[in-house]
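Fold the following for me, if possible:
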Amino acid sequence: MIQLAVIGAGYWGPNLIRNFNQIPNARVGYVCDLDTTKLAPLAAQYPNLHVTRDYQQVLNDPQIDAIVIATPVSTHRALALDALRAGKHVLVEKPLAATVQAAREMDATARAMQRVLMVGHTFIYNPAVTKVKEYIERGALGEIYYIDSARVNLGLHQFDINVIWDLAPHDISIILYWLRRRPLRVSARGNSYTQDGIEDVAFITLEFADKIMAHIHVSWMSPAKLRRTTIVGSQQMVVYDDLEAAEKVKLYDMGVERLALNADTRAELQRTYRVGDVISPRLDVVEPLRVECKHFIDCIVNGATPRTDGDAGIAVVQVLEAATRSLRQGGGTIEIGA
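Predicted coordinates:
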């Protein structure tokens with residue numbers, strides 16, 4: 001039985017407690033938060049759950065095997081390092097840290113302590129996302145041309161981070177997971193309309209090797225909620241729409257093919273457009289957060305490397321940092337290497 005403590009009882013903390021407590025070989029023993037009004041409902045819901053404002057009490061308890069951190073990103077580094085140095089395994093909600101330097105320090109400390117460090121990129125555990133990855137890896141799409149993603153809605157505005165750090169980690173982690181590579185260059189433009197200095201809309205462009213491009217639109221100011229990603233390949237195209245109830249993934253047998261050049265052929269007729277079937281695969285009906293929580297427990301028990309390990313967390317923060325630098329420079333391209 002793996003005993004856990006959840007740090008942070010805000011929006012996401014209760015979801016983590018619920019999911020971990022429904023895994024047979026896991027139990028949440030503590031929840032810690034400075035706000036006692038958030039602790040009271042959890043204490044009533046889970047009679048065996050210890051609630052506390054004292055983080056050190058959690059660290060000093062030898063019965064606690066792992067710490068789950070669901071607090072503002074500015075606190076991730078200090079909390080995670082304390083937990084790792086206390087010999088605890090750690091799951092940190094996205095993004096892993098506020099800087100690449102902090103993320104690397106956390107990863108290095110986990111390796112030195114031989115503890116599991118995992119970042120909560122929940123969408124990587126979504127059956128729809130893993131199905132798209134399956135299509136890509138088996139070559140169903142052919143050569144990947146570009147990816148276009150939109151994650152917009154009306155709210156919820158944050159007061160400590162901008163929309164890039166709030167919403168874009170989802171899309172960045174998904175894209176890096178699909179492509180199995182990091183971008184060479186990043187650029188971003190955006191603006192703040194309701195809070196000075198905190199952008200609530202942004203457009204991010206990632207450039208990869210082999211001419212692959214990815215465009216990410218994130219916004220807290222949209223009349224309609226959208227969670228849709230399109231991948232265009234040389235053979236087929238796929239649309240992943242997380243808001244679809246049943247058909248979250250659709251594979252389109254569509255494409256554009258060049259014809260052999262002919263001096264007598266008009267330029268606009270030198271291509272042929274293919275429109276074929278649309279396939280929507282059957283997907284497992286499972287809560288991605290449950291899959292993520294179980295994966296964390298399995299990694300602790302088996303000594304395995306998480307699918308979303310420290311290195312994956314570093315890669316996402318690297319893109320977020322580059323996008324922020326570009327934003328501050330008016331959209332200039334930031335080289336970040338392979």
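
what's in contact with stretch 291-308?
The contact list for stretch 291-308 (CB atoms under 8 Å, 6 or more residues apart in numbering) reads 2, 16, 19-20, 23, 25-26, 65-66, 89, 91, 116-122, 124-126, 173, 312. C-betas here are computed from N, CA, C, even on glycine.

Weed out the non-buried ones from those.
2, 16, 19-20, 23, 26, 65-66, 89, 91, 116-122, 124-126, 173, 312 (16 or more other CB atoms under 10 Å).

so of those, which ones are in helices?
Per DSSP state H, helices hold the following members of these: Leu16, Asn19, Phe20, Ser173, Ala312.

Let me know the closest of those to Ala112.
Ala312 (18.8 Å; CB to CB).

residues in contact with the closest one?
Here Ala312 is in contact with Val119, His121, Ile124, Ser173, Leu176, Tyr177, Pro306 (CB under 8 Å, 6+ apart).

go on, Leu4?
With CB under 8 Å, 6+ apart, Leu4 has these contacts: Phe20, Ala26, Arg27, Val28, Gly29, Tyr30, Ile64, Asp65, Ala66, Ile67, Val68.

give me phi/psi at it?
Dihedral pair for Leu4: phi -120, psi 160, per degrees, to the nearest 10.

can you tell me how far it sits from Arg182?
31 Å (CB to CB, to the nearest Å).

what's in contact with the lowest-mean-pLDDT helix or strand in the chain?
Ranking every helix and strand in the chain by mean pLDDT, DSSP states H and E puts strand 271-279 at the bottom, with a mean of 83. Residues from elsewhere that reach strand 271-279, judged by CB under 8 Å, 6+ apart: Lys250, Leu251, Tyr252, Asp253, Met254, Gly255, Val256, Glu257, Arg258, Leu259.

So among those residues, which ones count as buried?
Judged by 16+ other CB under 10 Å, buried ones among the contacts of strand 271-279: Lys250, Leu251, Tyr252, Met254, Gly255.

Help me confirm that the last one comes into contact with Leu141.
The one in question is Gly255. No: in this structure Gly255 lies outside contact range of Leu141 using CB atoms under 8 Å: 9.5 Å.

Can you check which residues contact both of those two?
By CB under 8 Å, 6+ apart, Gly255 and Leu141 have these common neighbours: Gly233, Ser234, Gln235, Gln236, Met237.

can you map out the helices along the chain?
Secondary structure of the chain by DSSP H: the helices cover 13-21, 36-45, 55-59, 76-85, 100-113, 127-137, 163-179, 288-302, 310-328.

Could you list the residues in contact with the fifth one?
The set of residues external to helix 100-113 that reach it, using CB under 8 Å, 6+ apart, is 76-77, 80-81, 84-85, 87, 90, 92, 96-97, 116-117, 309-311, 313-314, 317-318, 321.

From the chain's centroid, how far away is stretch 241-249?
18 Å (CA atoms, centre = their mean, to the nearest Å).

Can you give me the end-to-end span of it?
Start and end residues of stretch 241-249 are separated by 6 Å (CA to CA, to the nearest Å).

in that stretch, what counts as buried?
In stretch 241-249, counting by 16+ other CB under 10 Å, buried: Asp241, Asp242, Lys248, Val249.

Next: stretch 153-168.
Quick answer for stretch 153-168 (16+ other CB under 10 Å): Asn153, Gln158, Ile161, Asn162, Val163, Ile164, Trp165, Asp166, Leu167, Ala168.

Equivalent analysis for stretch 29-41, please.
Buried residues in stretch 29-41, counted by 16+ other CB under 10 Å: Gly29, Tyr30, Val31, Cys32, Asp33, Lys38, Leu39.
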